[in-house]
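> After the sequence you'll find the predicted model.
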Amino acid sequence: MPVFSAGPSGIAAEVAALPLVDHHCHGLVTRELDRAGVEDLLTEADGSGPLGGSLFDSQIGLALRRWCAPVLDLEPHVPVDAYLARRAELGRAEVDRRMVAATGIATFLVDTGYLPEPLTTPAELAALAGATAGEVVRLETVAEEVLGAGCSAAGFGDAVRARLSERAAGAVAVKTVAAYRGGLDLDGARPTPGEVAAAAGAALRAVDAGAGPRVADPVLHRFLVWCGVDLGRPVQVHVGYGDADIDLHRSDPLLLTGLLRATRPTGVPVMLLHNYPFHRRAGYLAQVFPHVFVDVGLATHNVGRRAGAVLAELLELAPFGKVLFSTDACALGELYLLASTLFRRALGRLLADGVADDDWTADDALRIAAAIGSGNAVRAYRLPGGEPPPGGTPVRVPRPAV
């Protein structure tokens, strides 16, 4: 274990230098962005406009000016117009290179099921940081590929299993977006073949009527989760905060209690993603179910300077060995930088305060930080190590001091 100062500043410095495993994220856009383009991608919501003002005047907007500006050779808190002018001068590729390289992320686990437009591949994303990458396969996307290929209702289940086995052969995890389609109030029981065929038949009739293939039936969501469990891959579940497509009250993780009880004997990890504003409830689930892991990705950069409060609330009940780091960054390189920087600052301050108050030792603080930053993910996903491959040459851009 490295030698470090037992004081708060020493602990914060160690946390700022830890390698991270980002266990859930997305690719970056491959086009140049104007002011509107950057602002639209700051969050998942459509919160800007004449009536709502600017998203640059929000926690995430102010955090961007504070933490991202220095990576572009600007002073902290530079005006938005100056920041965007410098961004345009450097170009998207250079901005992304600088932002992602400055995160200290050693491994990216990339959800490839969300492609609103062309995005960088997992390998292309990881190359920006001299890191490694793994793929997370979206369950609903696989099922919709099968629906679109014209299978029969009776053959749907077997076709999905075969297709998923093929798609997930080299993947580290699977993911469900049931929260977006109808909510998380899913029965824990494995659906019968007859139930799956009936639900698939309804979906296929919708396709025949001209609709695009879409999985939005609780029976099919349950079926897909069990397919992922049967493969032995960790199952990621979107929980809580997202865009306007989600009915937030239906994405409370407590609704998953029956499914978590049912999957517990399998030992397959269930990863509750994001969780805000239900992060305390998610922490409870991580405490009482041995196979449940949690994060506050997506919320971390959106709440800006309040990231410390959110992380502290998650850690009230969640065992430290069940908490993971993620960015859920998508499209903008800045989101990777913000998520990692604000996470490091939040965790470093929380652990340093505990040492100052004699609630735990400095050795405890560093051990916990390393576990949350990477060790827990390496264990849960059975990763080879989370470090850049031998001979890799990470781009050296100083990370923001936190």
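Right, received. Where do you want to start?

> Need the pLDDT of the nearest residue in space to T361 that is not next to it in sequence.
In space, and not counting its chain neighbours, T361 is closest to V355: 6.8 Å by Cβ to Cβ, 6 or more residues apart in numbering. Quick note: C-beta positions are derived from backbone N, CA and C, even for glycine. Per-residue pLDDT puts V355 at 94.

> does V355 count as helix, strand or coil?
Assigned by DSSP: H, G, I helix; E, B strand; the rest coil, the conformation of V355 is helix.

> my guess is it meets L366, correct?
No - contact criterion Cβ atoms under 8 Å: V355 and L366 do not qualify, at 9.8 Å.

> any residues in contact with both of those two?
Residues touching both V355 and L366 (Cβ atoms under 8 Å, 6 or more residues apart in numbering) are I11.

> if I look at A209, how far off is Y114?
Relative to Y114, A209 is positioned 26 Å away (Cβ to Cβ, to the nearest Å).

> which of these two has more neighbours?
Y114 (14 against 7; other Cβ atoms under 10 Å).

> which one is that one nearest to, not counting chain neighbours?
H26 (5.9 Å).

> residues near the one you found, how many?
Burial of H26 is recorded as 23 neighbouring residues (other Cβ under 10 Å).

> Please apply the same query to L220.
Neighbours around L220, by other Cβ under 10 Å: 27.

> That one touches A197, doesn't it?
No - using Cβ under 8 Å, L220 is not in contact with A197, being 10.7 Å away.

> Leaving aside the residues adjacent along the chain, what's closest to P277?
G240 (6.4 Å).

> and the one you found, what are its phi and psi?
When read as degrees, to the nearest 10, the backbone of G240 gives phi 80, psi -140.

> That one reaches F278, doesn't it?
Yes - G240 lies in contact with F278 (Cβ under 8 Å); the separation is 4.9 Å.

> Show me whatever sits in contact with both of those two.
Common neighbours of G240 and F278, using Cβ under 8 Å, 6+ apart, are S251, D252, P253.

> and the residue nearest to Y114, what does it touch?
H26 neighbours (Cβ under 8 Å, 6+ apart): V110, D111, Y114, L119, D328, A329, C330, A331.

> The residue nearest to P277 - how many residues pack around it?
Around G240 there are 24 residues (other Cβ under 10 Å).

> all numbers from here: first residue = 36
Shifting the count to begin at 36 puts that one at G275.

> ok, it to T65 distance?
Taking Cβ to Cβ, one finds G275 at 29 Å from T65.

> What of D116?
For D116 relative to T65 (Cβ to Cβ), the value is 25 Å.

> Counting neighbours, go ahead and name the busier of these two.
Shown here are D116 and T65; by other Cβ under 10 Å, T65 has more neighbours (14 against 10).

> so who does the spatially closest residue to that one that is not a sequence neighbour touch?
Nearest non-adjacent residue to T65, counting by Cβ to Cβ, 6+ apart: P153, 5.2 Å away. Neighbouring residues of P153 by Cβ under 8 Å, 6+ apart: V64, T65, R66.

> now swap in D146 and tell me
H59, C60, H61, V171, R173, K210, Q271.

> quick one, what contacts the second one?
What that stands for is C60. F143, L144, V145, D146, L160, G332, S361, T362, D363, A364, C365, Y371.

> Phi, psi for it please.
Backbone torsions of C60, given as degrees, to the nearest 10, read phi -160, psi -180.

> Also the first one?
For H59, the backbone dihedrals (degrees, to the nearest 10) come out as phi -160, psi 120.

> any idea whether the closest residue to it other than its chain neighbours is helix, strand or coil?
Spatial nearest neighbour of H59, chain neighbours left out: S361 (4.1 Å); criterion: Cβ to Cβ, 6+ apart. Following three-state DSSP, we place S361 in the coil state.

> Fine by me, thanks again.
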